[in-house]
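Asks: Next comes the sequence, and after it the predicted model I'd like to discuss.
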Amino acid sequence: MLRIDCPWCGPRDETEFRYGGQADVFYPEDPSSLDDAAWAEYVFVRGNPKGWFAERWVHVAGCRRWFNTERHTVTYEFREAAP
Amino acid sequence: MTADSLTARRRSPLCHLADQLAAAGSPGAVRLAELPFQTLVEVRCGGADSLHASRPGLGASADSHAAVIGRLADIVGLPFPRRVGEVAGAGSRHVLWLGPDWWLASGPPEPCPDPGLEAELAGRLRSAAACQASVVDLSAHFTTLELSGPRARAVLAHGCSLDLHPRAFGAGRCAQTMVAKAQAVLHQVAEIPAASYRILVRASFADYFARWLLDAMLEYTTADGEAVGGSRGIAHRGYTQ
C-alpha cells in the first residue's frame, strides 16, 4: 500500500486515489495538421522511465481534486505534489 | 399526498437495524445510533478562475467568490470554513469543509418535502447563490451514524487508516476517507473521553457499514454493560495514548 500526499488532505492510503497517467501530455495545438504517426504518438506513447516520473492522480475518496505529483518508479517515493 | 403524511411514512436507511444499534456496545465504552433524516446540503463554489464563474454572460455581473460565500454563510448562520478539514458550528448545525471549493451544510431533520422537491434550506441557499454556486440537497443521499464513547476511536481504528489521535484529529475536524472500505465523511463532534464521531455514509452503504460497525463493536460489548478494553492489543494501546 502506497501512502500518497494529497496537496490538500495530506498523506492518505493509495486506495483513496485513482491514477491519471503521465502528467503534462498536452492536446496538440493544431490536431488536424498531425499525421497518423504524430497523432498516435500523442494518444498512445507515454514515458516509462526508471526513476522520477511526473503523474496525475485524483483523490476520489477525499477532496476529489486532480493534482500532479512525481513518483519514483523504483522506490515508489512521492515528491512535489502540486494542485 | 401531503408533506405531513410523507414525513410520517418515510423510513431511514437503518430503521431495520434500530434494535441492534441500540443494543450494541456498552454505555461505558461505545455507543452507536443513527441520526436519521439530517438535512444535508452540498455547496460548490469555485473561485474566479473556475469554469462556472467564467461562463459567458456571468463573468461581468458575477460577484466575487467571497461575496457569494458570505451570502450563503448568512443563510446557514455559520461561516464557511476555509481551512482543510475544518468544521464550523456546534450542536445540530454544522458546515463541513469537504474540498477547496466544496462544503456540506448539515442541520436537523426538516419535514419531508413534496415529492420531487428539495429541503427548504437547499432552496434558500440556491436563491442566494444566484447561479454562482452549485447547491444540491443530499439529505437522502447520506445517512448519519453517531459513534460515541471512550472507545469510539478504537472502534473506528479497526477500519480507518486516518490518524485519529488527538495530535492529528479532534473535535471540530472532518475528513472524507474510507472507513471499512466504504467512502465516508468522518466528523468528530466531541473530544475524548466523551469522543463522538458522526459518520456520513451513502444510504446504499448504510446496511453494510452499520453491520461492520456492530461487528467491530463486539469486543467492547459486555452482557452487564460494563466498559471493557479491547481484546486486540493494538486497539487497547491506541486508546491509552
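Replies: Received it, and whenever you're ready, just let me know what you need.
Asks: By proximity to chain A, which residue of chain B wins?
Replies: Proximity of chain B to chain A (C-beta to the nearest C-beta) peaks at residue B:99, 3.8 Å away. C-beta coordinates here come from the backbone N, C-alpha and C atoms, glycine included.
Asks: Identify the residues contacting that residue.
Replies: A:8, A:62, A:63, A:64, A:65, B:176 (C-beta atoms under 8 Å, 6 or more residues apart in numbering or on different chains).
Asks: By the neighbour-count criterion, which of those qualify as buried?
Replies: By neighbour count, with 16 or more other C-beta atoms under 10 Å in any protein chain shown, the contacts of residue B:99 hold A:8, A:62, A:63, A:65, B:176 as buried.
Asks: measure the residue in chain A positioned nearest to chain B to residue A:13 for me?
Replies: Using C-beta to the nearest C-beta, residue A:63 is the residue of chain A that sits closest to chain B, at 3.8 Å. Counting by C-beta to C-beta, to the nearest Å, the separation of residue A:63 from residue A:13 is 14 Å.
Asks: Neighbouring strands - and their directions - for the helix or strand of chain A with the lowest mean pLDDT?
Replies: Scoring the helices and strands of chain A by mean pLDDT, DSSP states H and E places strand A:78-82 at the bottom, with a mean of 88. Strand A:78-82 pairs in its sheet with strand A:66-72 (antiparallel), by DSSP bridges.
Asks: for the strand it pairs with, which positions count as buried?
Replies: Here strand A:66-72 shows A:67, A:68, A:69, A:70, A:71 as buried, counting by 16+ other C-beta under 10 Å.
Asks: which one is the second one nearest to, not counting chain neighbours?
Replies: Excluding the flanking residues, the one nearest residue A:68 by C-beta to C-beta, 6 or more residues apart in numbering or on different chains is residue A:23, at 4.6 Å.
Asks: For the residue lying farthest from the centre of chain A, what are phi and psi?
Replies: Here chain A reaches farthest from its C-alpha mean at residue A:33, the gap being 26.8 Å by C-alpha atoms, centre = their mean. Per-residue torsions, residue A:33: phi -90, psi 0 (degrees, to the nearest 10).
Asks: Which residue would you name as the spatial centre of chain B?
Replies: Nearest to the geometric centre of chain B sits residue B:200, at 4.2 Å (C-alpha atoms, centre = their mean).
Asks: so what's that one up against?
Replies: Applying C-beta under 8 Å, 6+ apart, the residues near residue B:200 are B:40, B:104, B:142, B:143, B:144, B:145, B:184, B:185, B:187.
Asks: what about the third one, how many neighbours?
Replies: Other residues near residue B:142 come to 22 when the count uses other C-beta atoms under 10 Å in any protein chain shown.
Asks: now it: how far from residue B:93?
Replies: For residue B:142, the distance to residue B:93 - C-beta to C-beta - is 16 Å.
Asks: How about the fifth one?
Replies: Going from residue B:144 to residue B:93 by C-beta to C-beta gives 13 Å.
Asks: Equivalent analysis for the second one, please.
Replies: When distances are taken as C-beta to C-beta, residue B:104 and residue B:93 turn out to be 12 Å apart.
Asks: Among those two, which residue is more densely surrounded?
Replies: Per other C-beta under 10 Å, whichever of residue B:104 and residue B:93 has more neighbours is residue B:104, with 23 against 16.
Asks: Which residues of chain B lie near chain A?
Replies: Proximity of chain B to chain A, by C-beta under 8 Å from any C-beta of the partner chain, involves residues B:84-85, B:98-100, B:102, B:161-162, B:175-178, B:181, B:183.
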